[in-house]
Every structure is written in structure tokens, then in C-alpha cells.
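Let's see this in three dimensions:
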Amino acid sequence: MQGDLLPDLLHDRVAAGRALGRELIAEGFVPRVPEEWIVLALPRGGVPVAAEVARALKVPIDLLIVRKLGHPRRAELAMGALAGGDNRVVNAEIAQGVERIEFERVVERERTELERRERVYRGGRPAPELRGKRVVLVDDGMATGATMSAAIGAVRSAQPSSIFVAVPVASAESLSRIAQQADEVVCLVTPEPFEAVGTWYREFGQLDDESVRATLDAIRSQAT
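Here you go, the predicted model:
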């Protein structure tokens, strides 16, 4: 069983986030002016990972909500991803054969869910100002890289000074793709064959809205 071979750092998302935070510091990510930096978590799975990264770097944390565009007949297969401001990334190979009306139906459904999560997770808080900031995008892993690619596009439009991507685990293909879009990418392990992000965690439970809010509230309260 693959799980028996996993290192302790991928025991769960929290452990992975702590290991990722240590790796970032070892690679020189030591913010001298914390206010110039921000960690952005991709919910839901990226939130507990990002919380530990933000603690390690001692910088603020917020969210960047991105939704996978699942294939109409194979929802787990990503045709692309959608981020705020209608930033889209489309995998033309996977989307091939999907009628435009079907594709747009998926986009509209995911846009509705994206907007719902913005309301629920932010609780009335405005989106963070990213202009001139050093942004660290964090997720629990990357399989195709479509979601992270959409996230980078959304952040880039806000004119940050730099965009870094940090994930515990990724496929070699996605890592290569994202390295061309971000200023720097940090990843702990790139196992092959990759299969899926959850394969490389011993514990990879589904997270709900309440757990996301609780994690964010806890780290924000510690920062005040």
C-alpha cells in the first residue's frame, strides 16, 4: 500500500504545512518586513497547510478562492479552473469534445459556488490588497496545476511584486508548468506516478466550511 511508504511530513495537512514552512525558511523565505508579505490559501484543502506556513513565516494569511471546472461526465477530471475576476484556465485537451453550452454551464455553477464561498469565508471582510506585496500561494498539492494556474492569473492582475507557490506535493508535470508562471516554486516531494494529491497523505479527510473559518479565525486571533 502506498500509504505505508509515505514520510511523516505528509501524515496530514497540518504536518505537511509545518514541514513546508520549515523548508521555506531554509530556502531563505525570511520576511524582514512581514507587512510586505501575505500567504494566500486555496480553500478548502490549502487552508490548514497555509495556516502553518503563515505561522512559520510570521506573516498575514488570507484566502484566494479558486474552483475546478470538472468535466461534465467525469467530475474529478479538470477541464480547467476559475478564479476571481473570471480568470479562467482551460485544458484544451480535456475540454475537447465538450459542447460550449455544457462548458459554460459548468463555469456558471462553479462561479456561483465561488461567490458563495467568498461570502461565507470572508464574513464581510474585504479582499486583501495585493499590489506591491510578496504573495505566497499555498495549496495541499497539485495534480494538473490548473487550479494553481488560475490562482496565479488572478493574483497577477492585482500587481503584486512577486508570486511564490508553495505546496507539499505535486506531479512533476504540474510543477514544471507552474514554475514557468510563478517567480519561484517550493515543493517537498514530487512522486511519480502521481495519481492524485490525496494518495500521498495518510490522512486526507474532507474539510467543511466551518473548519475553514475556524482555522482562519484561530490564526488571525493569534496575530492580534
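
would you list every one of the strands in the protein?
For the chain, applying DSSP state E gives strands covering 37-41, 61-63, 66-71, 74-83, 87-90, 134-138, 162-169, 184-189.

Could you give the bridge partners of residue 71?
On the basis of DSSP bridges, residue 71 takes part in beta bridges with residue 74.

got it, and residue 170?
Counting by DSSP bridges, residue 170 is bridged to residue 142.

hmm, who's touching stretch 191-202?
2-3, 6, 10-13, 16, 45, 140-143, 168-173, 189, 204 (C-beta atoms under 8 Å, 6 or more residues apart in numbering). Heads up, the C-betas are built off the backbone N, CA and C, glycines and all.

and that stretch, C-alpha only, in CSV?
Output in CSV follows, covering the C-alpha atoms of stretch 191-202 (Å, rounded to 0.1, in the frame of the first residue of the first chain):
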residue,chain,number,x,y,z
PRO,A,191,6.3,11.3,-6.5
GLU,A,192,5.7,9.5,-9.8
PRO,A,193,3.4,8.1,-10.9
PHE,A,194,1.4,10.8,-9.2
GLU,A,195,-2.3,9.7,-9.5
ALA,A,196,-3.9,12.2,-7.1
VAL,A,197,-3.0,14.6,-4.3
GLY,A,198,-4.8,12.5,-1.6
THR,A,199,-2.8,9.4,-2.4
TRP,A,200,0.3,11.0,-0.8
TYR,A,201,-1.3,11.7,2.6
ARG,A,202,-2.0,9.2,5.3
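
gap between it and the chain center?
16 Å (C-alpha atoms, centre = their mean, to the nearest Å).

do stretch 205-214 as well
The chain centre lies 15 Å from the centre of stretch 205-214; the measure is C-alpha atoms, centre = their mean.

Would you check how far apart residue 59 and residue 182 are?
Remark: distance between residue 59 and residue 182 (C-beta to C-beta, to the nearest Å) = 17 Å.

Was I right to think residue 43 contacts residue 63?
Yes - counting by C-beta atoms under 8 Å, residue 43 does reach residue 63; the two are 5.8 Å apart.

Could you pull up phi and psi at residue 193?
Residue 193 adopts backbone torsions of phi -70, psi 150, taken as degrees, to the nearest 10.
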